[in-house]
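*Asks:* This is the structure alone, sequence omitted:
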């Protein structure tokens, strides 16, 4: 047992310095001397530090930018230019443009019910009588029939049966009200209330089901094309998107169109120049190689572990860029308004040596970055930055229509396979589930007898694309939409199964697609509903088209002059 405790208390700790000349002095320790200075010189030589330049680091940047309002929009290749509202997202104009708005059976019923709900100021008996008159005058109808297919849309037929006595057809109702339709038996006050409700509903229907612009879709090319115009510094600028596949519009979709006659006659609307002086910040990313030799690096990205073979040139270039030039980039932030084409008119950097260095656009012969290319020559254009008014956070639903374009080398044709189309309910329905209206197969001719078939059967949703000359006397080809002939058991022609969806445009005859637009890898084109908010908070919704790579070559099994052996086998 301890009855006495002793505590030691230190006011401060001082080092015990060894004698001079033994390396224990503070000045010698701070010098960080090494036994072999030639080793460090060799390492500096290996890292090419002796070949470096004595450049300073940027401490201040002065950026001068001028911009012009993009105030003209041209749909398609040669559409009529129209004013471009600064508050309308460009994707909405491009993808929702068209002349024939899509109105499914469900949409028509909803529009009709909305009209009936707007008659709230009429007495109950008058509303009921008006609803019966509207339903009788503008019936909802049934889903359209498809030749050669038995009951193509059972879900749409069931919906039509359920709503037939409850809702008028909204599209037909809008045309009837525009033509002056008016229910009978209304008093003067009731007639005035009906006219006011009809005017409000027609205004809503027109805004909801009218295309905001003509169509920008080029069916023969399976892509969107459009252009925008602005006047910057007295120069008319036309930026054209020659191959927009749908989705989000980015600056790299646009090229500078300098072809003669391409001016959109945009009125002059140039913003005052913007000058910003700010502190540059180094551009970094996770796993970036350290710019000091003795610094421990982050393990988020392990560049030495990148596995690249001799043909992986792009991968090797990325690794070399990260190791050699990763620390040579800086960021100069600046806030610019959207809906403009901006141009950097001056950029000056002050470094740690007190020097002011003017910096120009990055280009080397035919190579440049962050600038639109000239559509005519393919060379880099002036340093322009288009910041267009686009959607911020669009919500995209599942595709309601999908068509796969592919080649069939064995049959020497192309195919447009309608995998899904939009049904009367507004949802996608697979065409592969359709039941063809076929005759029963002929009886077995008996043992040892071959059954002759002029043409083998193909699924009804496979639409053939037949090669035809691009123009008279040309050796180039393009594809023309066709139909597979169908025959009864005794050889008589049957109704042919045609395209149903909007992508293949069955109402347009003839319909072509260019040969080069359907590569050997194929192409998949779909339509998907999109909803987004405009700058003013309004809700915009449309059905946009999307183009993406296909599924490769397909084989339909199409054959001519086939002899079927007993049991169904072909010989």
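*Replies:* Looks like it arrived, so ask away. Source: prediction; values computed, not measured.

*Asks:* What segments of the protein are helices?
*Replies:* 26-31, 37-46, 90-95, 105-117, 124-137, 154-163, 170-178, 188-208, 313-324 (DSSP state H).

*Asks:* counting contacts, what elements does the third one pack onto?
*Replies:* Helices and strands touching helix 90-95, as assessed by 3 or more CB pairs under 8 Å, 6 or more residues apart in numbering; DSSP states H and E, comprise strand 72-75, strand 223-232, strand 523-533, strand 539-549. Bear in mind the C-beta positions are built from the backbone N, C-alpha and C, glycine included.

*Asks:* Quick one, which of the ones you listed gets closest to residue 509.
*Replies:* strand 523-533 (19.6 Å; CB to CB).

*Asks:* Sheet partners, orientation included, of the closest one?
*Replies:* Here strand 523-533 has these sheet partners by DSSP bridges: strand 395-396 (antiparallel), strand 401-408 (antiparallel), strand 539-549 (antiparallel).

*Asks:* now it and strand 223-232, what's the angle there?
*Replies:* 50 degrees (axes from the mean of the first three to the mean of the last three CA atoms, to 10 degrees).

*Asks:* any idea how far strand 523-533 is from the chain center?
*Replies:* Remark: strand 523-533 is offset 8 Å from the chain centroid, using CA atoms, centre = their mean, to the nearest Å.

*Asks:* Then stretch 526-535?
*Replies:* 11 Å.

*Asks:* And stretch 259-266, by the same measure?
*Replies:* Relative to its chain's centre, stretch 259-266 lies at 26 Å (CA atoms, centre = their mean).

*Asks:* Now it: buried residues?
*Replies:* For stretch 259-266, the buried set under the neighbour-count rule, 16 or more other CB atoms under 10 Å, comprises 262, 264, 266.

*Asks:* Can you list the neighbours in contact with that stretch?
*Replies:* Residues from elsewhere that reach stretch 259-266 (CB atoms under 8 Å, 6 or more residues apart in numbering): 70-72, 74, 81, 227-231, 236-238, 240, 375-376.

*Asks:* related to what we said a few turns ago, using CSV, lay out the strands paired with strand 523-533 together with mean pLDDT, distance to residue 204 and mean neighbour count.
*Replies:* Output for those, formatted as CSV (pLDDT from 0 to 100; distance: least, CB to CB, whole Å; neighbours: other CB atoms under 10 Å):
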stretch, mean pLDDT, distance to residue 204, mean neighbour count
strand 395-396, 93, 22, 12
strand 401-408, 93, 26, 23
strand 539-549, 92, 13, 16
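
*Asks:* any low-confidence regions in the stretch 1-150 of the chain?
*Replies:* Scanning the stretch 1-150 of the chain for pLDDT under 70 picks out 1-26, 28-32, 52-54, 99.

*Asks:* wait, doesn't residue 80 sit right on residue 213?
*Replies:* No: look at residue 80 against residue 213 with CB atoms under 8 Å: they stay out of range, at 9.9 Å.

*Asks:* Report pLDDT for the residue sitting nearest the centre point of the chain.
*Replies:* Ranked by distance to the mean C-alpha position of the chain (CA atoms, centre = their mean), the top residue is residue 247 at 1.7 Å. Residue-level confidence at residue 247 comes out at 89, pLDDT.

*Asks:* got the phi/psi numbers for it?
*Replies:* Main-chain dihedrals, residue 247, degrees, to the nearest 10: phi 110, psi -130.

*Asks:* Let me know whether it touches residue 546 as I believe.
*Replies:* Yes: with contact defined as CB under 8 Å, residue 247 counts as touching residue 546 (6.5 Å).

*Asks:* Determine the number of other residues adjacent to the closest residue to residue 334 other than its chain neighbours.
*Replies:* For residue 334, ignoring the flanking residues on the chain, the nearest one in space by CB to CB, 6 or more residues apart in numbering is residue 276 at 4.9 Å. Neighbour count for residue 276, taken as other CB atoms under 10 Å: 14.

*Asks:* Save the helices and strands packed on helix 90-95 as a markdown table, and put in distance to residue 197 too.
*Replies:* Putting these into a markdown table (distance: least, CB to CB, whole Å) gives the following:
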| stretch | distance to residue 197 |
| --- | --- |
| strand 72-75 | 35 |
| strand 223-232 | 38 |
| strand 523-533 | 27 |
| strand 539-549 | 23 |
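
*Asks:* what's the closest of those to residue 331?
*Replies:* So among these, strand 223-232 is nearest, using CB to CB, at 25.0 Å.

*Asks:* List the buried residues in that closest one.
*Replies:* Under 16+ other CB under 10 Å, the buried positions of strand 223-232 are 223-232.

*Asks:* just to revisit the earlier point, ok, so of the buried residues of stretch 259-266, who is nearest residue 112?
*Replies:* Nearest to residue 112, judged by CB to CB, of these is residue 264 at 40.4 Å.

*Asks:* how about the nearest residue to the closest one, chain neighbours excluded?
*Replies:* Nearest to residue 264 is residue 229, by CB to CB, 6+ apart, at 3.1 Å.

*Asks:* That neighbour contacts residue 240, doesn't it?
*Replies:* No: Residue 229 is not in contact with residue 240 according to CB under 8 Å; the separation is 9.7 Å.

*Asks:* picking up where we left off before, can I get the strands paired with strand 523-533 in TSV including distance to residue 179?
*Replies:* Shown next, in TSV, are these (distance: least, CB to CB, whole Å):
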stretch	distance to residue 179
strand 395-396	37
strand 401-408	32
strand 539-549	28
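
*Asks:* closest one to residue 420 among the ones you listed?
*Replies:* Using CB to CB, the strands paired with strand 523-533 put strand 401-408 closest to residue 420, at 4.9 Å.

*Asks:* can you list contacts of that closest one?
*Replies:* 222, 414-422, 428, 465, 501-504, 513, 517-518, 520, 522-527, 550-556, 558.

*Asks:* what's near enough to touch the residue nearest to residue 264?
*Replies:* Applying CB under 8 Å, 6+ apart, the residues near residue 229 are 70-74, 81, 236-239, 263-266.

*Asks:* Where does pLDDT dip in the stretch 251-400 of the chain?
*Replies:* Low-confidence segments of the stretch 251-400 of the chain (pLDDT under 70): 292-294, 365.

*Asks:* could you show me where the strands are in it, in order?
*Replies:* With DSSP state E, counting those that start in this stretch applied, the stretch 251-400 of the chain shows strands at 255-256, 274-278, 281-282, 330-331, 340-351, 356-358, 363-364, 367-368, 384-387, 395-396, listed in chain order.

*Asks:* Can you give the contact residues for the second one?
*Replies:* Applying CB under 8 Å, 6+ apart, the external contacts of strand 274-278 come out as 60-67, 332-334, 336.

*Asks:* how about a cut-off of 7 Å?
*Replies:* 60-65, 332-334 (CB atoms under 7 Å, 6 or more residues apart in numbering).

*Asks:* thinking again about what came up before, for residue 360, which of the strands paired with strand 523-533 is the nearest?
*Replies:* Minimum separation from residue 360 across the strands paired with strand 523-533 (CB to CB) falls at strand 539-549, 37.0 Å.

*Asks:* ok and the closest one relative to helix 188-208, angle-wise?
*Replies:* In terms of direction (the same axes, to 10 degrees), strand 539-549 departs from helix 188-208 by 30 degrees.

*Asks:* how far is strand 539-549 from where the chain is centred?
*Replies:* Computed by CA atoms, centre = their mean, the chain-centroid distance of strand 539-549 equals 7 Å.

*Asks:* Please apply the same query to stretch 321-340.
*Replies:* Distance, centroid of stretch 321-340 to centroid of chain: 25 Å (CA atoms, centre = their mean).

*Asks:* With stretch 272-284 instead?
*Replies:* For stretch 272-284, the distance to the chain centre is 31 Å (CA atoms, centre = their mean).

*Asks:* What residues of that stretch count as buried?
*Replies:* For stretch 272-284, a neighbour-count test (16+ other CB under 10 Å) marks 274, 280 as buried.

*Asks:* Check the separation of the first and last residues in it.
*Replies:* 33 Å (CA to CA, to the nearest Å).

*Asks:* Ok, stretch 485-501 next?
*Replies:* One end of stretch 485-501 to the other measures 20 Å (CA to CA).

*Asks:* Understood, closing this out.
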